[in-house]
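**Q** My questions concern the predicted model and sequence given below.
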Amino acid sequence: MAISTNQTIEQFTADAHKFLAANAESRESQKAFVWGEGSDNVSMFEERSKQSEDELVERAKKWRQQKFDAGFGWITGPTQYGGAGLTNEFEKAYNRAESQYKVPNQSIFQIGLGMVAPTILAHASDEAREKFLRAMWRADIVACQLFSEPGAGSDLASLQTKAERDGDEWIITGQKVWTSGAQYSDIGEIICRTDPGLPKHKGLTGFIVDMHAPGVEIRPLRQMTGGASFNEVFYNEVRVPDSYRLGEVNNGWGVALTTLMNERASIGTSSGGDVSAFTRIQAMVQHFGLTNDPIVREKMADLFIRTKVAGYNNQRAMDKIRAGQTPGPEMSIAKMALVENQKRMNDFLCLVLGSKLQADTGEWGTYSWSQFLLGAPGMRIAGGSDEVMRNIVGERVLGLPKDTGIDSKSAFRDIKVGTQTS
Ligand SMILES: Cc1cc2nc3c(=O)[nH]c(=O)nc-3n(C[C@H](O)[C@H](O)[C@H](O)COP(=O)(O)OP(=O)(O)OC[C@H]3O[C@@H](n4cnc5c(N)ncnc54)[C@H](O)[C@@H]3O)c2cc1C
């Protein structure tokens, strides 16, 4: 169904509710959260078997396809690439409507639609935009982010995966690591070294790479929570057409920054699932008879206020993005606030649950929080570590001098890798 660009918000919202009522379950009909009932899963990272992950991916794609075909899949996107061409107000109206319904988990699209798609829109050739954007927003394909390497994380500009030109194609060889969701992705955004004779930030180029191409090998990495939501990805002479290049040759640093800014936005503003963590801990405190404990009350109120303030900061930042402004250091602040609040939440859980977090007694809603605790350190690193976020705020908000260890003048091939930071 095509959405008219002349319609009013009221008409649009009524159509959205009509679509949602016909295809999703209203939250009104859902029972309120009751301690001890339903799932007590609060894990931060997905801990699924292959079969349950496949089912989740299928459900997520089916919902997104239905939504796209009804005209609500990419509300603010340009019509020439499959978007509805409407303003942010329409997107907000749809999101408000959808929040009243229970829809399948959409986390598999966070990287592709939150980070890779905006980069393709900003930097890809027309051919690549036409080929990938509609397909991504309709969930016909899923995308991942191929930046980090064993020797290049915070210091991303030290990456060594190389791309060499061969006529109208490029040949990619190297290794990426920590690639979330590579196991169910069809394409990836990769940053490669294309000229080691240039300074480290200058000889890089971005590409869109087919994850099913010959020469791509994906190996799962198991994390301390037990699951394997990210991977090592090896490239052995993988061919990519020049039309899949992102931006100019050797301008990959600018391309990577577009993605990283959107990454901080999507991590800083990610939501906490079906039942809010607060609803759960409120019920937990009541269950354990701690509502009159002065320390529990004080810490819980503190947590609530901090989460609210972070939420308002995120809302301000997201409004800036929706208004077409480039996300800036406020995204680093949003990310820092999120992980700081998670840390405080963990301290609170330790206070209330104590040893119940360490040994599984089978008691509902207690040991399950250990998955949340074990996932939190990963969030402090993903999308830029705490220390790197503080460096960004120090330099770009407080105007402090730049980190001193950066050699931005020598040719990359002359720098001893591992001797400096970025
Ligand atoms: C859950 C999760 C998901 C991820 N998903 C992806 C993904 O999909 N795609 C992808 O490409 N990558 C992904 N990553 C990788 C992530 O981007 C890197 O882990 C991150 O950039 C840090 O790099 P590193 O692990 O190499 O650590 P390092 O850069 O080696 O850092 C080690 C330590 O040194 C500190 N440090 C480094 N430089 C400085 C400095 N200049 N000043 C002060 N301290 C410094 C860091 O804060 C950290 O404590 C993911 C990581 C996690 C945890």
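**A** Yep, it's here. Keep in mind the model is a prediction, meaning the values are calculated, not measured. Residues are numbered from 1 along each chain as shown.
**Q** how many other residues sit next to the residue in the chain positioned nearest to the ligand?
**A** When scored by C-beta to the nearest ligand atom, the chain has residue 153 as its residue closest to the ligand, at 1.9 Å. C-beta: built from backbone N, CA, C; applies to glycine. When neighbours are counted by other C-beta atoms under 10 Å, residue 153 registers 18.
**Q** just checking, what packs against the helix or strand of the chain with the lowest mean pLDDT?
**A** Taking mean pLDDT, DSSP states H and E as the measure, the chain has helix 252-268 as its least confident helix or strand, at a mean of 81. The helices and strands touching helix 252-268, judged by 3 or more C-beta pairs under 8 Å, 6 or more residues apart in numbering; DSSP states H and E, are helix 110-111, helix 117-123, strand 187-193, strand 204-210, helix 294-322, helix 330-353.
**Q** Output the contacting helices and strands for the last one.
**A** In this structure, helix 330-353 makes packing contacts with helix 252-268, helix 277-287, helix 294-322, helix 369-381, helix 386-392, judged by 3+ C-beta pairs under 8 Å, 6+ apart.
**Q** tell me the domain ranges of this structure?
**A** By the assignment in automatic domain parsing, the chain contains the domains 143-257, 269-397.
**Q** can you tell me the distance between the two ends of the first one?
**A** When you say that, I think you mean domain 143-257. By C-alpha to C-alpha, to the nearest Å, the extent of domain 143-257 from end to end equals 17 Å.
**Q** same check, this time on stretch 189-209
**A** The first and last residues of stretch 189-209 sit 6 Å apart, counting by C-alpha to C-alpha.
**Q** Let's test this: mean pLDDT of it, rounded?
**A** Taken as a whole, stretch 189-209 has an average pLDDT of 97.
**Q** And for stretch 407-421?
**A** The average pLDDT within stretch 407-421 is 73.
**Q** what's the most buried one of the domains of the chain?
**A** By mean neighbour count, with neighbours taken as mean count of other C-beta atoms under 10 Å, domain 143-257 ranks first of the domains of the chain at a mean of 19.
**Q** can you give me the offset of that domain from its chain's centre?
**A** How far domain 143-257 lies from its chain's middle: 17 Å, per C-alpha atoms, centre = their mean, to the nearest Å.
**Q** Quick one: neighbours of residue 6, just the number.
**A** If you count neighbours by other C-beta under 10 Å, residue 6 ends up with 6.
**Q** Kindly report the same for the one 10 residues further on.
**A** Other residues within reach of residue 16, judged by other C-beta under 10 Å, total 24.
**Q** What's the separation between the nearest residue to it once chain neighbours are set aside and residue 19?
**A** If the residues on either side of it in the chain are set aside, residue 16 comes closest to residue 97, at 4.3 Å by C-beta to C-beta, 6 or more residues apart in numbering. Applying C-beta to C-beta, to the nearest Å, one obtains 9 Å for the distance of residue 97 from residue 19.
**Q** circling back to that earlier point, let me know the secondary structure of the residue nearest to residue 16.
**A** Secondary structure of residue 97, reduced to three states by DSSP: H, G, I helix; E, B strand; the rest coil: helix.
**Q** can you pull the contacts of it?
**A** Applying C-beta atoms under 8 Å, 6 or more residues apart in numbering, we find residue 97 in contact with 13, 16, 17, 20.
**Q** Show me just the buried residues among those residues.
**A** Buried members of the contacts of residue 97, counted by 16 or more other C-beta atoms under 10 Å: 13, 16, 17, 20.
**Q** Return the subset of these lying in strands.
**A** Of the buried ones among the contacts of residue 97, none are assigned to strands by DSSP state E.
**Q** Next, format the helices and strands packed on helix 252-268 as JSON lines and append distance to residue 408.
**A** Below are those laid out as JSON lines (distance: least, C-beta to C-beta, whole Å):
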{"stretch": "helix 110-111", "distance to residue 408": "28"}
{"stretch": "helix 117-123", "distance to residue 408": "22"}
{"stretch": "strand 187-193", "distance to residue 408": "15"}
{"stretch": "strand 204-210", "distance to residue 408": "13"}
{"stretch": "helix 294-322", "distance to residue 408": "28"}
{"stretch": "helix 330-353", "distance to residue 408": "21"}
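**Q** Mean pLDDT lowest where, among these?
**A** Comparing mean pLDDT across the helices and strands packed on helix 252-268, the lowest value falls on helix 294-322: a mean of 88.
**Q** For the stretch 1-150 of the chain, which segments count as strands?
**A** Secondary structure of the stretch 1-150 of the chain by DSSP state E, counting those that start in this stretch: the strands cover 25-26, 101-102, 143-146.
**Q** Tell me which of those strands sits nearest to residue 113.
**A** Smallest distance to residue 113 across the strands of the stretch 1-150 of the chain (C-beta to C-beta): 8.0 Å, for strand 143-146.
**Q** Touching the closest one from outside, list them.
**A** In this structure, residues lying in contact with strand 143-146 by C-beta under 8 Å, 6+ apart are 111-112, 115-117, 132, 136, 176, 179-182, 185-191, 209, 211, 233, 259, 263.
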